[in-house]
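Enquirer: Got a sequence here, can you build the structure:
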Amino acid sequence: MIVGRVLGWFFLFAALVLLGWDGVSSLSSGEWRFAVLGQRWFEIDQAMGGASLNILQAGIERRISVDLWDNIFTPLLQWWAWLVFFVPGAVLVLLFRRWGGERQHKRFSGRR
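Expert: Numbers count the residues shown, from 1 in each chain. Below is the predicted model:
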């Protein structure tokens with residue numbers, strides 16, 4: 001279950017980074033707003049010189065279903081970027097947490 005916790009913490013870290021990015025962008029623009037996932041993906045994609053968003057769209061529409069892109073991915077890309085990572089991260093961390101309470105460590109007492 002460590003994989004679920006690590007993945008959850010990774011998502012929470014990504015949400016924190018995206019929230020910080022929104023904060024810095026808001027300070028420079030003078031108004032507070034959250035960026036949507038599609039905008040952030042496009043900005044990262046342009047900085048890296050790729051076209052992964054367009055390739056993903058073409059691949060899903062051609063090989064799987066146009067409805068999948070229109071009804072699932074398009075609304076998802078219009079949600080706040082930090083929220084897209086925060087919700088699954090929080091769910092994974094809570095779902096895969098340790099349930100037995102704190103582990104008791106045996107300490108050396110000097111007795112045999």
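Enquirer: Low-confidence ranges, the chain, go.
Expert: Regions of the chain meeting the criterion pLDDT under 70 cover residues 100-112.
Enquirer: Spatially central residue for it, please.
Expert: A centroid search over the chain (Cα atoms, centre = their mean) returns Phe85, at 2.4 Å, as the residue closest to the centre.
Enquirer: Please settle this for me: is that one part of a helix?
Expert: Yes: counting by DSSP: H, G, I helix; E, B strand; the rest coil, one finds Phe85 located in a helix.
Enquirer: what about it, distance to Phe11?
Expert: The spacing between Phe85 and Phe11, counted by Cβ to Cβ, to the nearest Å, is 5 Å. To be clear about C-beta, it is placed using only N, CA and C from the backbone, and glycine gets the same treatment.
Enquirer: Show me how the protein divides into domains.
Expert: According to automatic domain parsing, the chain comprises the domains 1-30+85-97, 36-79.
Enquirer: any idea which helix or strand comes after the helix or strand hosting Trp21?
Expert: Counting by DSSP states H and E, the secondary-structure element that holds Trp21 is helix 2-29. For helix 2-29, the succeeding helix or strand toward the C-terminus, using DSSP H and E, is helix 37-47.
Enquirer: export that next one as CSV, just CAs?
Expert: Taking Å, rounded to 0.1, in the frame of the first residue of the first chain, the C-alpha atoms of helix 37-47 are listed here in CSV:
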residue,chain,number,x,y,z
LEU,A,37,-5.6,22.3,-16.4
GLY,A,38,-5.7,22.8,-20.2
GLN,A,39,-3.9,26.2,-20.0
ARG,A,40,-1.2,24.9,-17.7
TRP,A,41,-0.7,21.8,-19.8
PHE,A,42,-0.4,24.0,-23.0
GLU,A,43,2.1,26.3,-21.2
ILE,A,44,4.3,23.4,-20.1
ASP,A,45,4.0,21.7,-23.5
GLN,A,46,5.1,24.9,-25.3
ALA,A,47,8.0,25.4,-23.0
